[in-house]
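Asks: Got a predicted structure here, sequence first:
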Amino acid sequence: MDKHYLEDYTSIKAVDKAGMLDYCLSMHMHYLKAAELAGSMVTSYSKPSNIIVTGMGGSAIGGELLKDWAKDNVNVPVEVNREYHLPAYAGEETLVLVTSYTGDTEETLSALRDAIKKRCMIYCITSGGTLMEIAKRLDIPYLQVPSGMPPRVALPYMLIPLLVFLEKMGLTSRVSDELDEALPFIRDIELQNAIEVPVKDSLAKTLAVNIEGHIPMIYGFGVFSSVARRLKQQINENAKMMSKWDNLPELNHNEIVGYEKSENMKDVFAAIFIRDKDEPVEIRSRIEITKELIEKSVTGIYEIWSQGRCNLAKMLSVVAVADFLSNYLAVLHGADPTPVQTIDKLKSSLKKNCIREQVIKEIEEITGTSLTQF
């Protein structure tokens, strides 16, 4: 009997030319390396009144995961800023964690300018680029992470240092213990979804086969809201497919009504619910009722169950499955997961606006430091 397309190494590599799946298969090692690297982080900052993680896309999702995790672990507010400017409340008692994997994201550089102007406490996480050069020139503390990978693959390096930094500031604890619990689950998921594993034995492959050709509607709750967002983004960038995410209980107050007149679009949508064995009874009830209400308007309803006891393990276990799923969808879709041509074209066009140069000039004016040499 011939192998399924998703079990054939040659067929997969013909599509996945840059080896995106290779990152998935070694993700636990990147988490280990990120934790080791984060051990070198130092800070003399006092306890902040609030924390803002500023970034975009693959660099910002670490902040979203941190925000959800922090709700039960950090006693100061954590917010994620995906804008050119920081909110008005940012000030000297605000800790701004500036995350840009490439170091050249114009929205993030603009937010850094605001943080400098507002005299916020600042820490930068980047692989290089303009952000690191500014940090060096202005003596802003930073962590340099490994370069050369797509930003969305660099999640371990854009998440674990955030957790470790807050632990070093005395704002949380047990980060190492939670990561230690998560790693075996991530490793098991890598083995369970490897290329040679039959489709019937791989959750990620089975889901990819079932939802390929449909628009995935991804639903999370609590700490899994950011995880649902991560899966949506991965499907967008890796599989080059439309997708949507939302969270419970909010979607029960609006989105669910959108299915009422959608039965004639049954073949368009597929629903994915992120589940947890410890989910509150009120959430479990909502999920089951929601499934009943939408079943006639979607081609199928699927579930991804978290693994582990602590929230970090639960979140990262679903993220691992989601990353495999998006890559196997890409292969079925005939799309090389790595290139993001539309984003590249957009950034190329935006360079004409000279935002980077304007930001550098304004930082020079604020600090009285010349930054024109780079």
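Replies: Cool, got the structure. Numbering: from 1, shown residues only.
Asks: Tell me where the model's unsure across the protein.
Replies: Filtered on pLDDT under 70, the chain yields the residue ranges 1-2, 372-374.
Asks: Please enumerate the helices of the stretch 251-374 of the chain.
Replies: 281-294, 311-333, 341-350, 355-367 (DSSP state H, counting those that start in this stretch).
Asks: Let me see the ranges of the strands in the stretch 101-250 of the chain.
Replies: Here the stretch 101-250 of the chain has its strands, by DSSP state E, counting those that start in this stretch, at 121-126, 142-144, 215-221, 244-248.
Asks: closest one to Leu166 among those strands?
Replies: Of all the strands of the stretch 101-250 of the chain, it is strand 121-126 that lies closest to Leu166, at 10.2 Å by Cβ to Cβ. No exception for glycine: its C-beta is placed from N, CA and C like everyone else's.
Asks: Helix or strand: which one has the most centrally placed residue in the chain?
Replies: For the chain, the residue nearest the mean C-alpha position is Ile61 (3.1 Å; Cα atoms, centre = their mean). Per DSSP states H and E: Ile61 is located in helix 57-70.
Asks: Now do that helix and helix 311-333, the angle between them.
Replies: Orientation check (axes from the mean of the first three to the mean of the last three Cα atoms, to 10 degrees): helix 57-70 against helix 311-333 gives 150 degrees.
Asks: Just the element for the spatially closest residue to Leu179 that is not a sequence neighbour, please.
Replies: The spatially closest residue to Leu179, leaving aside those adjacent along the chain, is Ala35, at 5.9 Å (Cβ to Cβ, 6 or more residues apart in numbering). Assigned by DSSP H and E, Ala35 belongs to helix 27-38.
Asks: Flag every buried residue along that helix.
Replies: 27-28, 30-32, 34-35, 37-38 (16 or more other Cβ atoms under 10 Å).
Asks: which of the residues you listed lies closest to Met241?
Replies: When the buried residues of helix 27-38 are compared against Met241 (criterion: Cβ to Cβ), the nearest one is Met27, at 21.5 Å.
Asks: quick one: that closest one and Glu282, what's the gap?
Replies: Per Cβ to Cβ, to the nearest Å, Met27 is found 33 Å from Glu282.
Asks: Equivalent analysis for Val164, please.
Replies: 33 Å.
Asks: These two: which is more packed in?
Replies: Per other Cβ atoms under 10 Å, whichever of Val164 and Glu282 has more neighbours is Val164, with 22 against 11.
Asks: which residues touch that one?
Replies: Residues counted as contacts of Val164 (Cβ atoms under 8 Å, 6 or more residues apart in numbering) are 35, 38-39, 41, 175.
Asks: give me that answer again for 7 Å
Replies: 35, 38, 41, 175 (Cβ atoms under 7 Å, 6 or more residues apart in numbering).
Asks: for Ile366, same thing?
Replies: Ile366 neighbours (Cβ under 7 Å, 6+ apart): 116-117.
Asks: quick one: it from Met149, how far?
Replies: Going from Ile366 to Met149 by Cβ to Cβ gives 33 Å.
Asks: same deal with Leu163?
Replies: For Leu163, the distance to Met149 (Cβ to Cβ) stands at 20 Å.
Asks: What of Pro184?
Replies: On the measure of Cβ to Cβ, Pro184 and Met149 end up 23 Å apart.
Asks: More neighbours: which of the two?
Replies: Met149 (18 against 14).
Asks: List the contacts of the more buried one.
Replies: Going by Cβ under 7 Å, 6+ apart, Met149 touches Tyr23.
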